[in-house]
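J.: The following comprises the amino acid sequence and a computationally predicted model.
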Amino acid sequence: MKKLSGIIVIALIIALLSAPMLLGRQAQGHIEQVVESLNNYPGYEANIKSYQRSWLTSTVEVELGIDVAQFNSEELAGLPSMTFKVLLAIDHGPVLLNDGVAVGLYAWRAGPAGETLTTVHDALALEGDEPFYRVWGKTSLLGETEFQDKARGFTLQTPELNADFSGYQGEGRVTRGGELSYQGAMTEASFSDGSSSASMRGLNAELAADLAHLDWRTMVYPGSMELTLEGAEFRTPFGGSGGLDALRVASDVELSDDGGAFDVVSEVSLDKVMGDAGAATDLKIVMSLVNVDLDAYRAYLDAYTEVMQAASADAATPEAPDFSKMFNQEVMQQFVARGPEIRIDELAFTVPQGTMEADLAMTFDKESEVPEQEMIMFWLMTAVSVNANAELDRPLAEMFAQLGAAAQGMTPGDGSDPGVDMLNMMIAQGIFTESDGKIKTELNMADGSFTVNGQPFPLGAMMQ
C-alpha cells in the first residue's frame with residue numbers, strides 16, 4: 001500500500017513538473033495559428049518578432065502592420081502605413097504565481113509595447129506605468145476563460161486640441177465549448193480643436209459568439225453583436241451642427257445546418273438624428289443576407305486580395321483597383337449556388353413632412369448559369385427576382401418630387417409646382433397609387449418582366 005501511494009505521489013509530481021512545459025507548447029501553437037490567420041487579409045500583416053518560452057512562463061512580442069494603401073480609401077489615402085507592437089505574457093499552469101497563488105491552465109496579460117507604448121503615452125500625456133490599453137485573463141483547469149480589458153481615461157489640453165475620455169472597461173468569458181460572451185462600456189468622450197468638436201456619451205457593447213465554429217479564413221462565426229450609444233453631438237468647421245439620440249447597431253449571424261453557408265441580419269436604429277436642415281425620428285433599417293455560400297465568400301476574399309495587391313504593387317504609377325474582378329464569373333457562380341437572398345426587411349423614418357416605410361427583397365436563381373463578365377448585367381435581369389414596396393405620406397412624397405424636379409433644373413412657375421405635377425403624372429400612369437393620404441407603390445421583377453402595382457410595365461418607361 002505504501003509502495004502504491006509512493007508511485008501515485010511520484011506520478012503527480014511528474015505531472016505537475018511537466019504540465020507547464022506542455023501547456024506552453026500548446027499556447028504557442030494557438031498563437032501562431034492566430035497570427036497566420038491575420039495575414040489572410042489585405043492590408044494587414046502580423047509577425048512574431050520574438051517568442052521566449054520557459055518552464056513556467058512565455059513572453060511573446062508581436063508586430064502588427066497596417067498598409068493603408070491596400071484599403072483603397074480616399075478618406076485614408078493621406079495616412080501612412082502603421083506598425084504596432086504588442087507584448088503578451090503567459091503564465092503556464094496548473095499553479096499560477098503571477099497574482100498571488102492560484103490554479104488554472106493559463107494566466108495572461110497583453111498590451112502595447114516598445115515605441116507603440118511610448119508614442120501614445122507621449123501624445124496623450126499619460127503618466128505612470130499602466131499602458132493606455134491592456135487585456136488580461138485566466139483560463140481555469142476546466143478550460144473556461146474569464147478576461148477583462150481596459151482603456152485608460154485621460155484629459156488632454158493643448159493649444160491645438162482639447163480632449164476628454166472617461167475610459168473604457170469590459171469583461172468577458174469563453175466557455176470550454178468556445179461560447180464567448182462580452183460586454184463593455186464607456187461613459188463619455190469629447191474633443192474640440194477650435195473650429196470643430198464632437199462628443200458622445202453612454203457607449204455600451206455586447207458580443208456573443210460561437211468560436212468553436214469560427215472559420216479562420218473568413219472570420220465568419222455564429223453569434224450576435226449589439227452596440228448602443230446614448231447620444232452624440234458635433235460641430236463642423238463650416239458652422240454646421242447636429243447630433244443623435246439612442247443609436248443602436250446590431251447584427252446576428254447564423255450558419256446553415258451543413259456549415260457551408262451563413263445568414264446575416266443587421267439593424268441600425270435611431271430615436272432621433274438632428275442637423276441644420278431639420279430632424280428625423282424613429283429611423284430604422286434592417287438588412288439581411290440569406291444563404292450566402294462560404295466558398296463564394298472565400299473566393300471573393302481571394303479575388304479582393306489579388307485586386308488590392310495588384311493596385312498597391314511597387315511601381316512608379318500603381319494601377320487603380322479593378323473591382324470588377326471581385327465579382328468575376330467564378331465568384332458569382334458560387335454565390336448563386338444556394339439561391340441567396342438580399343433583403344431590406346424594413347426601412348422607416350419620420351420627418352416633419354410625414355413618415356416613410358419601405359422594404360426590398362432580391363432572390364437569385366440557383367439554377368442560373370453565370371455568363372462572362374461583360375454579360376453579367378444582362379444576366380441579372382433574368383437571374384434575380386425582385387419585390388419592392390414603399391409607402392409614404394403625401395406631403396413627404398411631394399417633397400421628394402420637388403427635390404427631384406429641382407435636380408433636373410425645373411423651377412416653379414405661376415400657379416404651378418413641377419414637383420407636384422410630376423407626382424400627379426406618375427399617379428395617373430399607375431407608377432404610384434394614392435389612398436387615405438398615402439402614396440404607395442409595389443414593384444416586382446421576375447424573368448426579365450416588370451410589374452408595377454400589379455400591372456405590366458416596360459423597363460424603358462421606368463428609366464425615363
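T.: Yes, it's here.

J.: what about residue 105, how many neighbours?
T.: As a burial measure, residue 105 scores 22 neighbours (other Cβ atoms under 10 Å). Where C-beta positions appear, they are placed from N, C-alpha and C, glycine not excepted.

J.: how near is residue 51 to residue 106?
T.: 15 Å (Cβ to Cβ, to the nearest Å).

J.: Name the residue in these two with the higher neighbour count.
T.: Counting neighbours by other Cβ under 10 Å for residue 51 and for residue 106 shows that residue 106 has the greater number, 21 against 14.

J.: Just to check, the more buried one is in contact with residue 28?
T.: No - checked against Cβ atoms under 8 Å, the pair residue 106 and residue 28 is beyond contact range at 11.7 Å.

J.: where does the stretch 51-200 of the chain have low pLDDT?
T.: Residue ranges of the stretch 51-200 of the chain with pLDDT under 70: 68-81.

J.: make it 90
T.: The stretch 51-200 of the chain contains residues with pLDDT under 90 at 51-60, 62-86, 90-107, 111-131, 141-143, 156-161, 193-195.

J.: now the stretch 201-350 of the chain
T.: By pLDDT under 90, the weakly predicted segments of the stretch 201-350 of the chain are 214-220, 236-240, 259, 275-278, 295-337.

J.: would you list every one of the helices in it?
T.: Using DSSP state H, counting those that start in this stretch, the helices assigned to the stretch 201-350 of the chain run over residues 294-311, 329-336.

J.: Could you check the angle the longest one makes with helix 329-336?
T.: The one in question is helix 294-311. Put simply, helix 294-311 runs at 150 degrees to helix 329-336, going by axes from the mean of the first three to the mean of the last three Cα atoms, to 10 degrees.

J.: Summarise which helices and strands helix 294-311 is packed against.
T.: Where contact means 3 or more Cβ pairs under 8 Å, 6 or more residues apart in numbering; DSSP states H and E, helix 294-311 is packed against helix 329-336.

J.: ditto for the shortest one
T.: For helix 329-336, the packing partners by 3+ Cβ pairs under 8 Å, 6+ apart come out as strand 278-293, helix 294-311, helix 376-383.

J.: list the buried ones in the longest one?
T.: Read it as helix 294-311. 294, 296-301, 303-305, 307-308, 311 (16 or more other Cβ atoms under 10 Å).

J.: Likewise for the last one?
T.: With burial defined by 16+ other Cβ under 10 Å, the residues of helix 376-383 counted as buried are 376, 379, 380, 383.

J.: again, but for stretch 114-123
T.: For stretch 114-123, a neighbour-count test (16+ other Cβ under 10 Å) marks 116, 117, 120, 121 as buried.

J.: Give me the contact list for it.
T.: With contact meaning Cβ atoms under 8 Å, 6 or more residues apart in numbering, stretch 114-123 is reached by 61, 83, 84, 85, 86, 87, 111, 112, 126, 131, 132.

J.: Quick check: phi and psi on the last one?
T.: Spelled out, it's residue 132. Note on residue 132: its backbone torsions stand at phi -70, psi -20 [degrees, to the nearest 10].

J.: next one: the fourth one
T.: As for residue 85, its main-chain torsions (degrees, to the nearest 10) stand at phi -110, psi 130.

J.: quick one: it and residue 50 touch, right?
T.: No - in this structure, residue 85 is not within contact of residue 50 by Cβ under 8 Å, at 10.4 Å.

J.: which of the two has more neighbours?
T.: A count of neighbours by other Cβ under 10 Å puts residue 85 above the other of residue 85 and residue 50, at 15 against 10.

J.: Okay, and the beta partners of the more buried one?
T.: Assessed by DSSP bridges, residue 85 has beta-bridge partners residue 63.

J.: distance of it from residue 119?
T.: According to Cβ to Cβ, residue 85 stands 10 Å off from residue 119.

J.: can you check residue 435 too?
T.: According to Cβ to Cβ, residue 435 stands 63 Å off from residue 119.

J.: Tell me how many other residues crowd residue 131.
T.: 20.

J.: ok, the closest residue to it other than its chain neighbours - contacts?
T.: If you skip the residues right next to it in sequence, residue 131 has residue 111 as its closest partner in space, 4.0 Å away by Cβ to Cβ, 6 or more residues apart in numbering. Neighbouring residues of residue 111 by Cβ under 8 Å, 6+ apart: 86, 87, 117, 131, 133, 134, 135.

J.: now, the most widely separated pair of those?
T.: Spatially, the most separated pair among the contacts of residue 111 is 117 and 135, at 14.3 Å (Cβ to Cβ).

J.: residues in contact with the closest residue to residue 271 other than its chain neighbours?
T.: Spatial nearest neighbour of residue 271, chain neighbours left out: residue 246 (3.7 Å); criterion: Cβ to Cβ, 6+ apart. Going by Cβ under 8 Å, 6+ apart, residue 246 touches 228, 229, 230, 231, 269, 270, 271, 272.

J.: Which residues are in contact with each of residue 85 and residue 50?
T.: Common contact partners of residue 85 and residue 50 (Cβ under 8 Å, 6+ apart): residue 61.

J.: Can you add distance to residue 95 and give the helices of the stretch 201-350 of the chain back as CSV?
T.: As requested, the helices of the stretch 201-350 of the chain are exported to CSV (distance: least, Cβ to Cβ, whole Å):
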stretch, distance to residue 95
helix 294-311, 42
helix 329-336, 51
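
J.: Ok, which of these comes nearest residue 220?
T.: Across the helices of the stretch 201-350 of the chain, residue 220 has its closest neighbour in helix 294-311 (6.7 Å, Cβ to Cβ).

J.: what about the residue most central in space within the chain, distance to residue 225?
T.: When Cα atoms, centre = their mean is applied to the chain, the residue found nearest the centroid is residue 251 (9.0 Å). Distance, residue 251 to residue 225, using Cβ to Cβ: 5 Å.

J.: now do residue 144
T.: Applying Cβ to Cβ, the value for residue 144 to residue 225 is 22 Å.

J.: Please apply the same query to residue 82.
T.: To residue 225, residue 82 is 25 Å away according to Cβ to Cβ.

J.: swap in residue 328?
T.: Computed as Cβ to Cβ, the residue 328 to residue 225 distance reads 31 Å.

J.: Spit out the contact partners of residue 225.
T.: 205, 206, 207, 208, 249, 250, 251.

J.: hang on, the third one packs against residue 223?
T.: What that stands for is residue 207. Yes - shown here, residue 207 and residue 223 form a contact pair, counting by Cβ under 8 Å, at 7.0 Å.

J.: Looking only at neighbour counts, state which of the two leads.
T.: Counted by other Cβ under 10 Å, residue 207 and residue 223 do not tie: residue 223 has more neighbours, with 20 against 16.

J.: That one against residue 213, yeah?
T.: No - look at residue 223 against residue 213 with Cβ under 8 Å: they stay out of range, at 9.1 Å.

J.: Number of residues surrounding residue 404?
T.: Using other Cβ under 10 Å, residue 404 has 14 other residues around it.

J.: who's in contact with the strand or helix carrying it?
T.: Assigned by DSSP states H and E, residue 404 belongs to helix 394-407. Residues outside helix 394-407 that contact it (Cβ under 8 Å, 6+ apart) are 351, 353-356, 392, 417-420, 422-423, 432, 434, 437-439.
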